[in-house]
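[1] just the structure for this:
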Amino acid sequence: MAVSSSTFDTVLDRSNTSSDKWSKYPDTVLPMWVADMDFDSPECIKSSLNQRVNKGVYGYTHTPKALESAIQSHLLHRYNWQISASHLVHLPGLVCALHLSVQTFSKEGEGVVVPGPVYYHLTKAPQWSGRDLLHVDMCSQDGRWLPDMAQLEAACANPNSKMILLCNPHNPGGTVYTKAELLSIHALAEKYDLLIVSDEIHCDLILDDLPHVPLASLNKDAANRTITLMAPSKTFNIAGLGYAFAVIENTELRQAFNKERAGLIPSPNMLGLTAATAAYEEGQEWHNALLMYLKGNRDLLAQRLAATPLKMLHLEATYLAWIDVSALALDDPHQFFVDAGVGVSNGKDFGNPNYVRLNFGCPQSILNQAITRIEEALIAHGFM
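    Sure thing, here's the model as predicted:
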């Protein structure tokens, strides 16, 4: 069955589903914060889950070979990255892998280099474990968010530094790092002998005609010092099913990672494995249609925001708009949007309170409604 735009135009009722996204704010506020789309997952996933549930026995489950093969095929055909199934580590989520990586490969008081503003668990992972967070500014360079390379080298050169946490594509901001940019980052890691943990969970959500380059695929040294974290959760809207994976080609690193996780981080649950297998084996048509729809939403948002004092750099990937509200000179930008009836993410959580993050992974009718509320609030407060 062909996937049409009407698949994504349908407004779903997510009330009474224990949804984090839809439970945070009052009913009068449109929730557009956490990275959770308001779209029905692909039929292939729902069908696979129904078939598995109907078997009626839900015992301990190991990772099916079909999933490992599907991941290998996905990485090869989409990113020209060939990996061995033995390089995979299957996990119940990506966030726990970020924290585990920091705790496994650095010691208390050692330095962890993090370009930001960035998804907050990349900064919480070192902070919560007593590591020294070495912040590097992400700056606007030719209309894209990129790390200040002078700052990055200074942080990497710090003799206390042990690792870099990178987000590619970047969240928030949507930068898709080019191969040349990644080579520059890798060169610093190699020069100062640092491990790289690359959060690539949004790699399947590139909206422009740009290639995603897994950092570990650059060369042999990059493969040897990189832990790559990926998941189908954002792409196929199955975060609640709890499945992610790490690609760790270095045997010594992989063994240390698995030793540290033993007894603390469980294996993925049966339904997460089932959904991931279906997504990677059969979800391509739905995935391609999703990208077209999200691109339309991005362009709509950019067009309408251009007529306001709000600014947004061009978003190359993700469905998470990073919006500059500094022109409004508000004491609490986040609350301004909530009062307007739009529940965005607070930019302060990512590292800059003069921004908000808006999730446009929703039916276009909902997005239009949200933008209209923002425009009306700007007019009511004399900003337009």
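
[2] so residue 246 sits in a strand?
    Yes. Counting by DSSP: H, G, I helix; E, B strand; the rest coil, residue 246 is found in a strand.

[3] now do the helix or strand hosting residue 103 against strand 244-248, angle only.
    Secondary structure assigned from DSSP states H and E places residue 103 in helix 94-105. Per axes from the mean of the first three to the mean of the last three C-alpha atoms, to 10 degrees, the angle that helix 94-105 makes with strand 244-248 is 30 degrees.

[4] the following helix or strand past helix 94-105 - what's its average pLDDT?
    Downstream of helix 94-105, the first helix or strand assigned by DSSP H and E is strand 111-116. Averaged over strand 111-116, pLDDT sits at 98.

[5] work out the sheet partners of strand 111-116 and label each with its direction, please.
    Partner strands and pairing direction for strand 111-116 (DSSP bridges) are strand 132-141 (parallel), strand 161-167 (parallel).

[6] now the helix holding residue 103, how far from the centre of its chain.
    15 Å (C-alpha atoms, centre = their mean, to the nearest Å).

[7] cool, stretch 276-291 as well?
    With C-alpha atoms, centre = their mean as the basis, stretch 276-291 stands 17 Å off its chain's centre.

[8] end-to-end on it?
    The first and final residues of stretch 276-291 sit 18 Å from each other (C-alpha to C-alpha, to the nearest Å).

[9] that stretch: which residues count as buried?
    276-284, 286-287, 289-291 (16 or more other C-beta atoms under 10 Å). For glycine as for every other residue, the C-beta is placed from the backbone atoms N, C-alpha and C.

[10] of these, which belong to helices?
    If you go by DSSP state H, the buried residues of stretch 276-291 have 276-282, 284, 286-287, 289-291 in helices.

[11] quick check: residue 80 touching residue 217?
    Yes. Shown here, residue 80 and residue 217 form a contact pair, counting by C-beta atoms under 8 Å, at 7.3 Å.

[12] more neighbours: which of these two?
    A side-by-side neighbour count of residue 80 and residue 217, using other C-beta atoms under 10 Å, places residue 217 first with 21 against 11.

[13] now do the contacts for that one.
    Counting by C-beta atoms under 8 Å, 6 or more residues apart in numbering, residue 217 makes contact with 79, 80, 81, 223.

[14] go again using 7 Å as the cut-off
    With contacts defined as C-beta atoms under 7 Å, 6 or more residues apart in numbering, residue 217 is in contact with 79, 81.

[15] state the distance from it to residue 205.
    Per C-beta to C-beta, to the nearest Å, residue 217 is found 18 Å from residue 205.

[16] list the buried residues for stretch 222-235?
    For stretch 222-235, by 16+ other C-beta under 10 Å, it's 222-223, 225-235.

[17] tell me which of the residues you listed fall in strands.
    Among those, the members found in strands (DSSP state E) are 226, 227, 228, 229, 230.

[18] quick one: which of those residues is nearest residue 169?
    Compare each of those with residue 169 using C-beta to C-beta and the shortest gap goes to residue 230, at 11.7 Å.

[19] quick one, phi/psi of the spatially closest residue to the closest one that is not a sequence neighbour?
    Sequence neighbours aside, residue 200 is the residue nearest to residue 230 in space, at 5.2 Å (criterion: C-beta to C-beta, 6 or more residues apart in numbering). Residue 200 adopts backbone torsions of phi -120, psi 30, taken as degrees, to the nearest 10.

[20] same question, residue 255
    phi -70, psi -40.

[21] just the element for residue 258, please.
    Assigned by DSSP H and E, residue 258 falls in helix 251-261.

[22] let's test this: mean pLDDT of that helix, rounded?
    Mean pLDDT, helix 251-261: 98.

[23] please apply the same query to stretch 217-229.
    Per-residue pLDDT values over stretch 217-229 give a mean of 98.

[24] quick one: the strands in the protein?
    Counting by DSSP E, one finds strands in the chain at the ranges 30-31, 88-91, 111-116, 132-141, 144-147, 161-167, 195-199, 226-230, 244-248, 320-324, 342-343, 345-346, 355-359.
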